[in-house]
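Asker: From the sequence below, what's the structure:
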Amino acid sequence: MVKLKELAESLGLELHGNPDYEITGVQSLEQASSHDLSFITDSKKVESLVNSQAGALIVPPELAEKVPEKNLLLSENPSIAFIKAVEYIAKPYDYPVTGVSEKAFIEEGVIIEENVSIYPGAYIGRNSKIRRGVRIYPGVYVGENCEIGEDSILFPHVTLYRNTILGKRVILHSGAVIGADGFGYVFHQGVHYKFPQVGRVVIEDDVEIGANSCIDRATLGETRIGKGTKIDNLVQVGHNVQVGQGSILVAQVGIAGSSKIGNFVVLGGKAAVRDHIELGDGCQVAATAAISKSYPPGTKLLGIPAYPADEGLKILAATKMLPKMRKKLQKLEKRLNQLEEKE
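Answerer: Numbers count the residues shown, from 1 in each chain. Now for the predicted structure:
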């Protein structure tokens, strides 16, 4: 429970309304009740604002005069302000420090710093380093010579293969596998010979990786995920891939080995990137697109195979016209045959 005055001061927002009004939760605009905080970003949706039962709302400043009877917190960016409010009120990752469980298995040579929580059933391999404030949930496997940076969270059944490096504040959701062998084989005389995968994975600060996603170790050298990148559930990143800072990989994206993804690239759901290509900074790839060659920074791509968006949209428009064009061609062909018969 928090009073609006305290919340406004904490977030640095201007308050219109009752400073002593108590907020107990956060909720969507449609589902909020009388002591919930919600938000709205579109200044045109005044009707939704009026009809909401929320006890307080974060809104753009221009809406303050339109609903003077509401408790309002004014923000130029309500989405960001609401994110901070949720963190302040709900504290989604604020759990008590439990220390190292007697039922966790800790190998020799492991370094564990202060304020760490390691739950029952976790395994920590030899010579690994667990930095300050880390939380490791039941069923997590950490191989030998790994390092987990400060305040990182490994949810149940995460697997880190040997030599994996995690930066600070990394979040790995259940079932994520970091550092499994890359898919590398050489065909010779009827046999697929496995190329030994002896590299590692490096995950930089503030990366979040969703449930059941896999980041393969490098064949040689390293696979690297850049600072602040966010990876959804069920994503596959192949060996030696380099993903830059602040990129977004949506569910079921697949990136084949040795490709380079720049900074702040967005790959929509089920997008596929072939091996050994490069997408420059700021590229945006539509869902299900298949990228078969490199593209420069800022390119927008869609389709199978992928085309730059302006060209791809023309192709899609032309494709929709094919049934009509086919009928016209059939009619023209019929008339042409009739004319030829008369001759």
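Asker: beta partners for the residue lying closest to residue 309 once chain neighbours are set aside?
Answerer: For residue 309, ignoring the flanking residues on the chain, the nearest one in space by CB to CB, 6 or more residues apart in numbering is residue 300 at 3.9 Å. Using the backbone N, CA and C atoms, a C-beta is placed for each residue, glycine as well. Taking DSSP bridges as the rule, residue 300 bridges to residue 284.
Asker: burial of residue 300, as a residue count?
Answerer: Here the count is done by other CB atoms under 10 Å, and residue 300 has 19 residues near it.
Asker: Relative to residue 248, how far out is it?
Answerer: 14 Å (CB to CB, to the nearest Å).
Asker: Now for the closest residue to residue 301 other than its chain neighbours: which residues touch it?
Answerer: Nearest non-adjacent residue to residue 301, counting by CB to CB, 6+ apart: residue 285, 4.8 Å away. The contact partners of residue 285, taken as CB atoms under 8 Å, 6 or more residues apart in numbering, are 265-268, 271, 273, 279, 291, 300-302, 306.
Asker: mind checking how far residue 285 is from residue 269?
Answerer: Counting by CB to CB - residue 285 and residue 269 are separated by 10 Å.
Asker: cool, and residue 54?
Answerer: Using CB to CB, we find residue 54 at a distance of 31 Å from residue 269.
Asker: Show me which of those two is the more surrounded one.
Answerer: Set residue 54 next to residue 269 and count neighbours by other CB under 10 Å: residue 54 wins out with 25 against 15.
Asker: was I right about that one contacting residue 38?
Answerer: Yes. Between residue 54 and residue 38 there is a contact at 4.1 Å, judged by CB atoms under 8 Å.
Asker: which neighbours do these two share?
Answerer: Between them, residue 54 and residue 38 share these contacting residues under CB under 8 Å, 6+ apart: 27, 29, 32.
Asker: out of those residues, which is most surrounded?
Answerer: Of all these, residue 32 has the most neighbours under the rule other CB under 10 Å, reaching 20 neighbours.
Asker: Looks to me like that residue is in a strand.
Answerer: No. Assignment of residue 32 by DSSP: H, G, I helix; E, B strand; the rest coil gives coil, placing it outside any strand.
Asker: now the closest residue to it other than its chain neighbours: how far from residue 114?
Answerer: Spatially, and ignoring its direct neighbours in sequence, residue 32 is nearest to residue 54 (3.6 Å; CB to CB, 6+ apart). As judged by CB to CB, residue 54 and residue 114 stand 40 Å apart.
Asker: just residue 319 next, same as before
Answerer: 61 Å.
Asker: For residue 335, pull up the helix or strand it's in.
Answerer: helix 322-342 (DSSP states H and E).
Asker: Please save the CA atoms from that helix in PDB.
Answerer: Taking Å, rounded to 0.1, in the frame of the first residue of the first chain, the C-alpha atoms of helix 322-342 are listed here in PDB:
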ATOM      1  CA  LEU A 322      -2.600 -12.900 -59.600                       C
ATOM      2  CA  PRO A 323      -6.100 -14.700 -59.600                       C
ATOM      3  CA  LYS A 324      -7.700 -11.900 -61.600                       C
ATOM      4  CA  MET A 325      -4.700 -11.700 -63.900                       C
ATOM      5  CA  ARG A 326      -4.900 -15.400 -64.500                       C
ATOM      6  CA  LYS A 327      -8.500 -15.200 -65.500                       C
ATOM      7  CA  LYS A 328      -7.800 -12.300 -67.900                       C
ATOM      8  CA  LEU A 329      -4.900 -14.300 -69.500                       C
ATOM      9  CA  GLN A 330      -7.200 -17.300 -70.000                       C
ATOM     10  CA  LYS A 331      -9.800 -15.100 -71.700                       C
ATOM     11  CA  LEU A 332      -7.100 -13.500 -73.900                       C
ATOM     12  CA  GLU A 333      -5.700 -16.900 -74.800                       C
ATOM     13  CA  LYS A 334      -9.200 -18.200 -75.700                       C
ATOM     14  CA  ARG A 335      -9.800 -15.200 -78.000                       C
ATOM     15  CA  LEU A 336      -6.400 -15.600 -79.600                       C
ATOM     16  CA  ASN A 337      -7.200 -19.200 -80.400                       C
ATOM     17  CA  GLN A 338     -10.500 -18.300 -81.900                       C
ATOM     18  CA  LEU A 339      -8.900 -15.700 -84.100                       C
ATOM     19  CA  GLU A 340      -6.300 -18.100 -85.300                       C
ATOM     20  CA  GLU A 341      -9.000 -20.700 -86.100                       C
ATOM     21  CA  LYS A 342     -10.800 -18.100 -88.300                       C
END
